[in-house]
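Visitor: Got a predicted model here, sequence first, then my questions.
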Amino acid sequence: MNSPDRNVPTDGDDRGVADSLRPRALPTRYYTDPAIHAAEMSAVFARSWQLVGHRSQVSKPGQVLTATVGDESVFVVNDGGQIRAFFNVCQHRGHELFPPQHPGGDVAEAPGVITCPYHAWVYGLDGRLLSARSRNVGELCIPRLAVEGLAGFLFVNVDPDALPLAQHAPGVADEILAIAPQASTRIRTWRRTQLIAANWKIAVENYNECYHCPNVHRSFTSGVVDPASYRITPDCTVIRHTARGVESERSFYQRPEASDDYAAFYIWPASSIQCYPGQALNTYRWVPCAPDRTLLVREWWFDGAEPTDVQRKIIDLDWNTTVSEDLKLVESTQRGVRSRGYRPGPLVTEPSGIASVHSEDAVAHLGTLLLSALHDERPPSER
């Protein structure tokens with residue numbers, strides 16, 4: 001698939017390119033304006049595929065997985081082996097059928113039926129109303145949603161006209177299984193959530209550039225990956241990260257499996273499936289809560305419900321270094337873009353559009369995806 005126009009220079013050296021032709025960071029209002037945030041809920045999050053969990057979480061009939069997709073609460077249920085997804089709302093007076101027990105969603109049980117905790121209306125696992133406490137209120141059904149799998153991971157789309165997930169993320173399932181062959185049978189071993197004082201776009205822009213890695217992520221670039229090999233390749237609604245792992249004797253952790261490759265597959269707008277060297281499979285979800293608040297859901301997927309000592313070391317290393325370092329960066333950036341002194345600066349890009357640790361091409365690409373979704377085709381100087 002061809003990438004959208006990233007508005008990047010095409011010659012080999014952009015130092016002489018007119019300033020008006022350089023891709024630039026987005027203006028302040030895209031990170032702070034409640035009206036833009038509301039528009040994104042409709043134009044971006046209600047029209048795209050969002051990671052909600054893994055098939056293993058609903059492997060048995062009656063198991064339920066809840067999640068937040070944009071500003072919508074949804075649930076996925078195993079109905080006799082068939083995986084279904086619905087809006088998490090009773091068709092009586094709107095009470096949530098599964099009130100949230102944990103930020104970012106959770107796993108519940110619905111043994112045969114779904115009972116609303118408010119007025120005890122009962123639904124089948126196929127969403128049809130079975131009982132309104134003996135009253136005849138007509139035929140009702142919880143609105144269904146599209147749900148599809150990708151290498152074992154489950155994605156939901158609230159758009160009734162959604163294209164198949166395979167078209168939104170072409171080739172990604174096979175690429176994940178190539179680097180982590182057991183991905184489809186993994187189970188969630190660990191989860192941690194963090195409410196970030198930053199806009200979701202600042203968080204995903206930071207995630208999708210490693211221009212800051214040599215300066216900030218010293219552990220990541222010395223004990224996890226070889227920074228010279230790091231590449232970030234935007235391609236429509238997927239941004240691929242690839243790198244070689246450092247030599248095993250330099251690794252900051254013992255690799256659970258014999259694999260030296262690192263890869264991450266960011267799927268627009270707010271999901272990523274990532275694999276550390278050693279087939280250490282993990283995911284990111286960014287849930288937009290407000291113009292300046294984002295819930296980070298960080299999960300690791302191994303073969304047991306509790307991490308081994310080796311797996312725990314990987315998890316702790318990641319959270320205590322790379323993730324914690326990024327949290328500080330994005331919250332500082334959110335404060336900075338609100339400053340009267342902020343002017344959107346030029347982005348450092350490569351003619352190829354493929355980034356290394358010396359450029360930030362995917363940030364320009366993300367801006368293009370956003371403005372296209374919002375139908376904002378004005379030149380940067382007029383936005």
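Guide: Ah, there it is.
Visitor: Outside of stretch 89-108 itself, list whatever touches it.
Guide: 52-53, 57-58, 63-68, 73, 75, 88, 114, 116-119, 121, 123, 129, 132, 140-142, 191, 193, 195, 285, 287, 295, 297 (Cβ atoms under 8 Å, 6 or more residues apart in numbering). All C-beta spots, glycine's among them, are computed from the backbone N, C-alpha and C.
Visitor: so of the residues you listed, which ones are in strands?
Guide: Among the contacts of stretch 89-108, the members found in strands (DSSP state E) are 52-53, 63-68, 73, 75, 114, 123, 129, 191, 193, 195, 285, 287, 295, 297.
Visitor: residue contacts, the closest residue to Leu296 other than its chain neighbours?
Guide: If the residues on either side of it in the chain are set aside, Leu296 comes closest to Gln194, at 4.6 Å by Cβ to Cβ, 6 or more residues apart in numbering. Each residue near Gln194 by Cβ under 8 Å, 6+ apart is listed here: Leu295, Leu296, Arg298, Val323, Leu327.
Visitor: Which residue or residues pair with the residue nearest the centre of the chain through a beta bridge?
Guide: Centrality entry for the chain: nearest residue to the mean C-alpha point is Ser271, 1.3 Å, by Cα atoms, centre = their mean. Beta-bridge partners for Ser271, by DSSP bridges, are Ile267, Arg285.
Visitor: isn't it right up against Val297?
Guide: No. Assessed by Cβ atoms under 8 Å, Ser271 is found out of contact with Val297, at 9.7 Å.
Visitor: re the thing from before, most neighbours of all the contacts of Gln194, which one?
Guide: Counting neighbours by other Cβ atoms under 10 Å, Leu296 leads the contacts of Gln194 with 23 neighbours.
Visitor: one step back: what residues are shared contacts of Ser271 and Val297?
Guide: Contacts common to Ser271 and Val297, judged by Cβ under 8 Å, 6+ apart, are Thr283, Tyr284, Arg285, Trp286.
Visitor: Show the pLDDT at the second one.
Guide: The reference is to Tyr284. Note for Tyr284: predicted pLDDT of 98.
Visitor: and the residue nearest to it when sequence neighbours are not counted, what does it touch?
Guide: Leaving aside its chain neighbours, Tyr284 sits nearest to Ser272 (4.3 Å; criterion: Cβ to Cβ, 6+ apart). Contact analysis of Ser272 by Cβ under 8 Å, 6+ apart lists Leu51, Tyr207, Ala264, Phe265, Tyr266, Thr283, Tyr284.
Visitor: same thing with Arg191?
Guide: Contacts of Arg191 (Cβ under 8 Å, 6+ apart): Gly104, Val297, Arg298, Glu299, Trp300.
Visitor: what are the pairing partners of the least confident helix or strand in the chain by mean pLDDT, and which direction each?
Guide: When each helix and strand of the chain is scored by mean pLDDT, DSSP states H and E, strand 107-109 comes last, with a mean of 88. Take DSSP bridges as the rule and strand 107-109 pairs in its sheet with strand 63-69 (antiparallel).
Visitor: Quick one: mean pLDDT for the strand it pairs with?
Guide: Here the average pLDDT along strand 63-69 is 97.
Visitor: before we move on, the earlier item: filter the contacts of stretch 89-108 down to the buried ones.
Guide: The neighbour-count criterion (16 or more other Cβ atoms under 10 Å) marks 52-53, 57-58, 63-68, 73, 75, 88, 114, 116, 121, 123, 129, 132, 142, 191, 193, 285, 287, 295, 297 among the contacts of stretch 89-108 as buried.
Visitor: how about the helices in the stretch 101-250 of the chain?
Guide: Secondary structure of the stretch 101-250 of the chain by DSSP state H, counting those that start in this stretch: the helices cover 165-168, 172-179, 200-207, 213-216, 218-223.
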